[in-house]
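Here is my input; please provide its structure:
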Amino acid sequence: MSTHTVTNQVPPLVGHSLLAADPALEEGLRRWSSPAAYEDIAVLGELAGRPEAQQAGELANTHTPVLRTHAPTGERIDEVEFHPSWHQLMDAAVANGLTASPWTEPAGTGAHVRRAAGFIVWSQVEAGHLCPVSMTYAAVPALRANPELASAWVPKLASREYDFGLRPVAGKRGAIAGMGMTEKQGGSDVRANSTLATAVRGGPLGGGDTYRLTGHKWFLSAPMSDAFLVLAQTEAGPTCFLVPRVLDDDSRNPLALQRLKDKLGNRSNASSEVELDGTWGVRVGDEGRGVRTIIDMVASTRLDCVLGSTATMRQAVARAVHHSRHRAAFGALLVDQPLMRNVLVDLALETEAATTLSLRLAHAVDEGDSAFSRLAVAVSKYWVCKRTAPVVAEALECLGGNGYVEENGLARLYREAPLNSIWEGSGNVNALDVLRAVSREPAAVEAFVGEVKGGLGHSAALDGAITGVVDVVRYAGTPDAAVGARRVVETLAVTLQAALLAQHAPSEVSDAFVASRLAGGHGHTLGTLDALVVKGSADRILERALRL
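Numbers count the residues shown, from 1 in each chain. A predicted model of the protein is given here:
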């Protein structure tokens with residue numbers, strides 16, 4: 001008799017389409033995009049589910065980036081070396097149009113929704129490499145403040161060819177963008193940055209007025225990018241610049257990488273600390289208007305924070321449901337245990353609400369609905385990113401010790417979970433930004449209220465919450481609102497999610513969400529749904545959570 005017979009183990013979650021397994025994502029893509037876009041993401045969904053893709057994600061986090069400051073002969077090179085798996089992941093992301101291609105595609109094609117769905121799918125393979133992908137996408141709205149720069153750079157940023165290596169952009173088939181905003185003394189307060197920019201006529205860069213930058217950036221994201229959007233001070237105030245890694249004459253732009261950050265998560269992605277010492281840049285937008293210029297980029301990266309957090313939650317919950325369908329304890333499969341069903345249903349509701357909200361935000365970009373986006377993206381960035389850490393922690397607990405070990409993949413998701421709540425403004429920064437939008441931009445408020453009113457008629461609880469949004473908005477515009485800003489944003493976010501589910505999700509999903517989130521059928525932690533909320537709807541909700 002064998003001394004080591006393995007039983008009751010869960011098969012790997014591979015060999016399936018990450019799009020077809022996610023009805024909420026699939027339905028949203030069909031609703032707000034085109035048949036051609038759906039077919040594109042269907043192909044990517046199949047690729048994302050393959051064992052080879054999952055292995056590439058693991059390898060990129062096992063063999064993390066290495067900084068090479070000097071060549072063997074002593075010259076500074078300031079390059080970062082990546083494992084081949086990183087390039088494999090980047091190549092797939094770029095080839096599938098997850099960078100800047102939606103900005104160049106015709107209106108009415110649902111290009112931004114297509115990209116958003118692809119971003120959610122491909123982030124579940126590995127999240128770190130989506131950082132430069134996101135910044136490349138987000139750079140385009142800012143670059144359009146300088147048409148000459150945009151004409152040179154946007155086609156390369158929108159290319160579906162991944163062309164790694166430091167060379168002048170004119171000779172590249174495609175380009176990647178990064179950003180350098182934050183400094184030691186400022187953090188999210190980018191107006192406090194101390195990097196100085198001095199105008200120099202006739203610099204070695206085309207595309208506009210050239211400057212030399214001197215300073216220290218605490219975070220320069222994705223340092224092997226072809227160019228960065230950077231804030232620096234001129235006499236007029238904070239100004240935005242495009243800083244290429246390589247000058248037009250093929251010489252290196254002075255940019256000294258001091259170290260790579262040793263981060264909690266996102267470890268496959270290189271985040272650097274850098275010295276700018278006479279570094280050349282081209283001005284983007286007017287002097288002193290850098291924050292205004294960069295806001296257009298921030299709106300897009302915040303959208304990607306919502307998409308990335310949705311993907312992290314989605315993958316964690318998929319793993320929890322898959323595990324529970326195959327693992328038995330106390331005489332039954334975990335998925336059939338009443339209390340575990342409560343937890344899984346609650347997690348599924350959270351991820352479906354985030355998915356529907358994410359694609360609605362992308363649809364607003366396709367529609368050019370900046371009024372709705374202005375408030376809704378800030379609200380969603382706060383809420384969805386905040387929900388990610390507790391959702392992933394609860395999903396990990398569904399697996400117990402099997403989830404706590406690295407080989408399962410949930411540990412990596414857990415380390416990744418807090419990132420998007422910090423990047424592009426922490427919770428307080430986003431909450432205060434919501435108050436700012438409410439008090440200064442009535443068109444944004446009108447568009448937001450109009451959107452939630454689409455959920456009227458679903459139930460008394462949702463109708464009451466929608467009616468109450470007007471009072472919440474009125475309070476948000478008062479001088480005393482700052483102390484309660486998080487509560488304001490939470491109310492707006494949950495009401496918006498409920499209204500969207502009421503319009504687009506099956507009744508069992510919308511009913512359970514409203515009953516638990518708005519009508520009091522929920523405790524203080526996940527998995528505390530009232531029995532009546534779970535009863536009769538759990539099977540359908542869990543089927544939607546992972547359709548294999």
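
any chance you could read off phi and psi for residue 243?
Dihedral angles of residue 243 (phi, psi; degrees, to the nearest 10) stand at phi -120, psi 100.

Touching, it and residue 180? I think so.
Yes. Proximity of residue 243 to residue 180 meets the contact threshold set by C-beta atoms under 8 Å, at 7.4 Å. For glycine as for every other residue, the C-beta is placed from the backbone atoms N, C-alpha and C.

Next, the closest residue to residue 273 other than its chain neighbours: secondary structure please.
Leaving aside its sequence neighbours, residue 273 sits nearest to residue 258 (C-beta to C-beta, 6 or more residues apart in numbering; 4.6 Å). With DSSP: H, G, I helix; E, B strand; the rest coil as the basis, residue 258 sits in strand.

what residues are up against residue 146?
207-208, 242, 282-285 (C-beta atoms under 8 Å, 6 or more residues apart in numbering).

Give me the mean pLDDT for stretch 127-146.
For stretch 127-146, mean pLDDT is 97.

actually stretch 503-519, not the one I typed
Stretch 503-519 comes out at a mean pLDDT of 97.

partners of the longest strand along the chain, with directions?
Secondary structure of the chain per DSSP state E: the longest strand is strand 271-284. Note on strand 271-284: by DSSP bridges, its sheet partners are strand 210-221 (antiparallel), strand 237-244 (antiparallel), strand 256-260 (antiparallel).

Which helix in the chain has the most residues?
For the chain, the helix with the greatest residue count under DSSP state H is helix 290-326.

tell me which residues in that one are buried?
290-291, 293-294, 296-325 (16 or more other C-beta atoms under 10 Å).

Give me the angle between that helix and strand 237-244.
Using axes from the mean of the first three to the mean of the last three C-alpha atoms, to 10 degrees, one finds that helix 290-326 and strand 237-244 are set 60 degrees apart in direction.

List the buried residues for stretch 3-23?
10, 13, 16-19, 21-23.

Which residues does it contact?
Against stretch 3-23 from outside (C-beta under 8 Å, 6+ apart): 25-26, 29, 41-42, 44-46, 48-51, 54, 117, 121, 124, 314, 318-319, 322-323, 326-328, 355, 402, 544, 546-548.

Out of those, which sit inside helices?
Counted as lying in helices by DSSP H, out of the contacts of stretch 3-23, are 25-26, 29, 41-42, 44-46, 48, 51, 54, 117, 121, 314, 318-319, 322-323, 326, 355, 402, 544.

who wins for proximity to residue 494 among the strands paired with strand 271-284?
Of all the strands paired with strand 271-284, it is strand 210-221 that lies closest to residue 494, at 31.0 Å by C-beta to C-beta.

How far off centre is the longest helix of the chain?
Centroid displacement of helix 290-326 relative to its chain, using C-alpha atoms, centre = their mean, to the nearest Å, is 4 Å.

Also stretch 112-120?
Distance, centroid of stretch 112-120 to centroid of chain: 11 Å (C-alpha atoms, centre = their mean).

Stretch 480-491 too?
Distance of stretch 480-491 from the chain centroid (C-alpha atoms, centre = their mean) equals 23 Å.

Send me that stretch as CSV with only the CA atoms.
What follows is stretch 480-491, C-alpha atoms only, in CSV (Å, rounded to 0.1, in the frame of the first residue of the first chain):
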residue,chain,number,x,y,z
ASP,A,480,-17.9,70.7,6.3
ALA,A,481,-18.0,67.9,3.8
ALA,A,482,-14.3,67.1,3.8
VAL,A,483,-14.5,65.1,7.0
GLY,A,484,-17.2,62.9,5.6
ALA,A,485,-15.8,62.7,2.0
ARG,A,486,-15.3,58.9,2.1
ARG,A,487,-18.8,58.3,3.2
VAL,A,488,-20.0,60.5,0.3
VAL,A,489,-18.0,58.6,-2.3
GLU,A,490,-19.1,55.2,-0.9
THR,A,491,-22.8,56.2,-1.2
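
List the residues that contact residue 135.
Contacts of residue 135 (C-beta under 8 Å, 6+ apart): 176-179, 221-222, 225, 229, 297, 301.

And the next helix or strand past whichever strand or helix holds it?
Element membership for residue 135, per DSSP states H and E: helix 130-143. The first helix or strand that comes after helix 130-143 along the chain, using DSSP H and E, is helix 147-157.

can you list the residues that contact the helix or strand just after that next one?
Of the helices and strands lying after helix 147-157 in sequence (DSSP H and E), the nearest is strand 177-180. Strand 177-180 is contacted by residues 132, 135-136, 139, 153, 157, 217, 219-223, 225-231, 243, 274, 297 when judged by C-beta under 8 Å, 6+ apart.

quick one on the thing from earlier: quick one: the longest strand of the chain to chain centroid distance?
The answer for strand 271-284 is 25 Å, by C-alpha atoms, centre = their mean.

from the contacts of residue 135, which single one is nearest residue 82?
Nearest to residue 82, judged by C-beta to C-beta, of those is residue 222 at 10.6 Å.

show me the contacts for the closest one.
For residue 222, the contacting residues are 131-132, 135, 176, 178, 269-271, by C-beta under 8 Å, 6+ apart.

what residue ranges in the protein score low on pLDDT?
Applying pLDDT under 70 to the chain flags residues 1, 186-188.

coming back round to it: settle it for me: which of residue 243 and residue 180 has more neighbours?
Higher neighbour count among residue 243 and residue 180: residue 180, with 30 against 26, using other C-beta atoms under 10 Å.

Tell me how far that one lies from residue 83.
Counting by C-beta to C-beta, to the nearest Å, the separation of residue 180 from residue 83 is 24 Å.

ditto for residue 245
Distance of residue 245 to residue 83, computed by C-beta to C-beta: 21 Å.

check contacts around residue 279.
Residue 279 is in contact with 212-214, 243, 253-255, counting by C-beta under 8 Å, 6+ apart.

what do you get if the cut-off is 6 Å, keeping everything else the same?
Contacts for residue 279 were tallied using C-beta atoms under 6 Å, 6 or more residues apart in numbering; they are 213, 253-255.

when you check the residues you listed against the strands, which ones overlap?
Mapping the contacts of residue 279 onto strands (DSSP E) picks out residue 213.

which among the contacts of residue 279 gets closest to residue 367?
Among those, residue 213 lies closest to residue 367 (C-beta to C-beta), at 37.1 Å.

so who does that closest one touch?
195, 197, 232, 276, 279, 281.

one more time with 10 Å, if that's ok
Contacts for residue 213 (C-beta atoms under 10 Å, 6 or more residues apart in numbering) come out as 180, 195-198, 230-233, 239, 241, 243, 253-255, 276-281.

which among those end up buried?
180, 195, 197, 230-233, 239, 241, 243, 253-255, 276, 279-281.

how far off helix 290-326 does the host helix or strand of residue 113 point, in degrees?
Taking DSSP H and E as the criterion, residue 113 maps to helix 111-123. Angle between the axes of helix 111-123 and helix 290-326 is 50 degrees (criterion: the same axes, to 10 degrees).

Helix 111-123 relative to helix 130-143, how many degrees between them?
160 degrees.

So what's the gap between helix 111-123 and the chain middle?
Relative to the centre of its chain, helix 111-123 is centred 10 Å away, using C-alpha atoms, centre = their mean.

Can you spell out which residues form a bridge with residue 213?
Beta bridges link residue 213 to residue 197, residue 279, judged by DSSP bridges.

For it, give its distance to residue 242.
The spacing between residue 213 and residue 242, counted by C-beta to C-beta, is 11 Å.

shared neighbours, the two?
Residues touching both residue 213 and residue 242 (C-beta under 10 Å, 6+ apart) are 230, 280-281.
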